[in-house]
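> quick check, what structure comes out for this input:
(one chain, ligands or ions: 1)
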Amino acid sequence: MSFFDKFTFQNGVELRNKIAMAPMTTYSGNEDGTVSEQELNYYRERSKETGMIITATTYMQENGQGFDNQFYGGDDDYIPSLKKLAKSIKEQGAKAILQIFHAGRMSKPGLKKNQDIVSASNIPAERENAPIPRELKEEEIYEIIQSFYEVTVRAIKAGFDGVEIHGANTYLLQQFFSPHSNRRIDKWGGNTYKRLKFPLKVVDSVIKAKKDMKKDDFIIGYRFSPEERENPGITLGDTKILVDNLCEKELDYLHISLGKYDQKTIREEDDEITGKEILKVIKGRIPLMGVGSIFSEEDLEKAEEIGYDLIAIGRGLLIEPKIITTLKNEKEIEKVIDKNNTTLPDNLLEKIIKHQKPYGIKIK
Ligand SMILES: Cc1cc2nc3c(=O)[nH]c(=O)nc-3n(C[C@H](O)[C@H](O)[C@H](O)COP(=O)(O)O)c2cc1C
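Numbers count the residues shown, from 1 in each chain. Model (predicted):
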């Protein structure tokens, strides 16, 4: 098997290869929440070779926004904007997957529209100047679950091939699953199984939208982060329970969020690769997408050996839109962006210039 080969989902949808663009926020939507021309061009350039593109995450509730200039999916008026995005990707032969989320307590304080930071409980994140979130009321929890249904319907109407539910990277779904951020004593909190309830309800809601729209070939993925550093925090043991439950749902793929594809556990004294641990739980029930620091053909081969069914590339595709050809010919890419010769949207380029070191990318 090779990531360069075709892939067919259980629902029959075929990808021209097993390489996806990882979801990456662009900070470059228009002020009104529509997708900008710069973004369309950025996605077009990166859709020419990849099997599928997972878009920047979109929000659908005002208090779910995470960053400046995110594009929005919370209203039918935004379907034309989403349609342009889906088209820019699909026209180039890649499948278009819209990532959907609610930022919860990780919403950036001071965002124009969002003055209301909410989460499972009123526990701030462990970072400097983190705001104390407001605990969501039960009726609001149901509203959010419904908003995942509605954004999925909009994604289908806009022509997307699928959605990816963003359950990773410390945002609201993870906040409900985490014993750090979820201290609720009602039915939405407590032991691991109770903390699972909200993410699983969101999954059910998205699947219901697909069924109601009679869109059998619509792809639904779920992204999760396997562990948290905080104490208390999500352990690999918790995640194995999450994954086992997700495998029982009609999902098309799971997507593990890692900084490096062969990363080992960060909490426990264990030298097993996290991706392998998760594959043992999945037992072939659902394809698993890996991710993290793929910059060479050797990285791809090593990720194949771990057993991932699909692989996502993030920063590699920011640097080199045609990374597949480059890896085939030159075996690796240089981690450098020429700021005068790039199709990155301005605000994203600005962020990378500002954070070159953490992003591991040089600018020339
Ligand atoms: C600029 C930037 C924006 C990101 N935005 C998102 C996002 O919107 N949703 C998400 O799930 N992950 C996001 N990520 C994480 C990536 O999807 C990916 O997991 C991470 O960059 C590791 O893969 P890489 O080493 O190939 O870049 C972002 C990463 C970067 C660099």
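
> for the ligand, what are the nearby residues on the stretch 101-250 of the chain?
For the stretch 101-250 of the chain, the contact set with the ligand under Cβ under 6 Å from any ligand atom comprises 166, 168-169, 223. To be clear about C-beta, it is placed using only N, CA and C from the backbone, and glycine gets the same treatment.

> now the protein against the ligand: closest residue?
Of all residues in the chain, residue 314 sits closest to the ligand, at 2.7 Å by Cβ to the nearest ligand atom.

> and the closest residue to that residue other than its chain neighbours, how many neighbours?
Counting by Cβ to Cβ, 6 or more residues apart in numbering, residue 314 lies nearest to residue 22, which is 3.5 Å off, once chain neighbours are set aside. Look at residue 22: counted by other Cβ atoms under 10 Å, it has 22 neighbours.

> residue 313 now?
By other Cβ under 10 Å, 27 other residues sit near residue 313.

> pretty sure it sits against residue 292.
No - judged on Cβ atoms under 8 Å, residue 313 makes no contact with residue 292 at a distance of 9.2 Å.

> now for residue 24, how many residues are close by?
Per other Cβ under 10 Å, the neighbour tally for residue 24 reads 19.

> could you tell me whether it really is in a strand?
No - counting by DSSP: H, G, I helix; E, B strand; the rest coil, residue 24 is not part of a strand but coil.

> might you report the residue contacts of it?
Contact analysis of residue 24 by Cβ atoms under 8 Å, 6 or more residues apart in numbering lists 56, 314, 318, 348.

> just the ones in strands from these, please.
Members of those lying in strands (criterion: DSSP state E): residue 56.

> Throw the contacts of residue 24 into CSV and include neighbour count and distance to residue 101, thanks.
Shown next, in CSV, are the contacts of residue 24 (neighbours: other Cβ atoms under 10 Å; distance: Cβ to Cβ, whole Å):
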residue, neighbour count, distance to residue 101
56, 24, 10
314, 18, 16
318, 25, 20
348, 21, 18
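
> show me the helices in the stretch 251-364 of the chain, by range?
Using DSSP state H, counting those that start in this stretch, the helices of the stretch 251-364 of the chain run over 274-282, 297-306, 315-319, 323-330, 346-354, 356-359.

> residue 109: which of these is closest?
Closest to residue 109 of the helices of the stretch 251-364 of the chain is helix 346-354 (Cβ to Cβ; 17.9 Å).

> how far away from the center of its chain is the closest one?
20 Å (Cα atoms, centre = their mean, to the nearest Å).

> so which bits of that helix are buried?
Buried residues in helix 346-354, counted by 16 or more other Cβ atoms under 10 Å: 347-349, 351-352.

> and the contacts of stretch 169-177?
57, 64, 66, 101-106, 119-120, 125, 144, 165-168, 181-182, 188-189, 195-199, 202, 223-225, 228, 234, 238, 242, 257.

> many thanks, have a good one.
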